[in-house]
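Undergrad: Task: produce atomic coordinates for the following.
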Amino acid sequence: MSVSPRTPIELLLAKHLPYELDMLEHTLARLLILKNNNDVLLRNALIESFWTHVRNLAEFFNQPKGDGVTGIASAQDMTKNDYPRNPELEDFDELINQQITHLRYDRPAFTDDQLDFNEMFLVRGRIERQVEKFQNNIDGKYQKFWKTRPVRKDIDEQVWISVVDAQPMATNVFDVIGPANVTPDPNRR
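TA: Numbers count the residues shown, from 1 in each chain. Next up, the predicted model:
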């Protein structure tokens, strides 16, 4: 018998955290597929999406324990023992703020200082290690709401693309197929 998630922690484990992890994986795979594509808008949107999900996940893994109901979600709210912060994920926070999230006067130009595929693979590996540690420390009462994710270490771009393309998404956002039937509002200008 399947148990439906009801509490904020249960929903986070069953739906929201898998969504963040899936989006991180799928945006990186799409970026690799489109690496030589001239569609700058699409490529930039994928880059921004990737780093936004990195930021969300780094915050989740490093957030102090909360009440498990409101505010920013924390891995500490649903793990046993004393779940340690990960400073190697914090390294990227300022770079993401400077280059992606905030419109700043001192934003770097398109140079070698910008976040690139090397950093993407580096941070993906760090998040992968956090997920493995997280899965090993989930409190027993929450285990039934978490679907253990396979750990993929040291894989190259082509293997990464094929693995991600073959894996189903955890979110229902992608269950919608085809355009929505929208009736234009005749009163709208």
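Undergrad: can you tell me how far residue 64 sits from residue 135?
TA: 21 Å (CB to CB, to the nearest Å). Where C-beta positions appear, they are placed from N, C-alpha and C, glycine not excepted.
Undergrad: Neighbour count for these two, which is higher?
TA: Higher neighbour count among residue 64 and residue 135: residue 135, with 15 against 9, using other CB atoms under 10 Å.
Undergrad: roughly how far apart are the more buried one and residue 83?
TA: 12 Å.
Undergrad: same thing with residue 150?
TA: For residue 150, the distance to residue 83 - CB to CB - is 21 Å.
Undergrad: Of those two, which one has the most company?
TA: residue 83 (20 against 9).
Undergrad: what about that one, is that helix, strand or coil?
TA: Using DSSP: H, G, I helix; E, B strand; the rest coil, the structure places residue 83 in coil.
Undergrad: and it, what does it touch?
TA: Each residue near residue 83 by CB atoms under 8 Å, 6 or more residues apart in numbering is listed here: 75, 76, 134, 137.
Undergrad: number of nearby residues for the second one?
TA: Yep, that's residue 76 we're talking about. Neighbours of residue 76 (other CB under 10 Å): 20.
Undergrad: try residue 144
TA: Other residues near residue 144 come to 14 when the count uses other CB under 10 Å.
Undergrad: if you skip the residues just before and after it, what's nearest to it?
TA: Once flanking residues are discounted, residue 144 sits nearest to residue 3: 5.4 Å by CB to CB, 6 or more residues apart in numbering.
Undergrad: Run a quick neighbour tally on that neighbour.
TA: For residue 3, using other CB under 10 Å, the count is 9.
Undergrad: could we number from 60 for the rest of this?
TA: New numbering, starting at 60: the last item is residue 62.
Undergrad: and the gap between it and residue 137?
TA: To residue 137, residue 62 is 15 Å away according to CB to CB.
Undergrad: cool, and residue 74?
TA: Residue 74 is 14 Å from residue 137, by CB to CB.
Undergrad: So which bits of the helix ranked longest in the chain are buried?
TA: Assignment by DSSP state H gives helix 99-121 as the longest helix of the chain. Using 16 or more other CB atoms under 10 Å as the test for burial, helix 99-121 gives 102, 105-106, 108-117, 119-121.
Undergrad: Going by distance to residue 173, which of those residues wins?
TA: Nearest to residue 173 among the buried residues of helix 99-121: residue 106, at 9.4 Å, using CB to CB.
Undergrad: Now residue 128. Nearest residue, chain neighbours left out?
TA: residue 67 (5.3 Å).
Undergrad: Touching, that neighbour and residue 131? I think so.
TA: No. Applying CB atoms under 8 Å as the test, residue 67 and residue 131 come out as separate, 11.5 Å apart.
Undergrad: Have a look at the two and say which one is more surrounded.
TA: Neighbour count, other CB under 10 Å: between residue 67 and residue 131, residue 67 has more, with 17 against 11.
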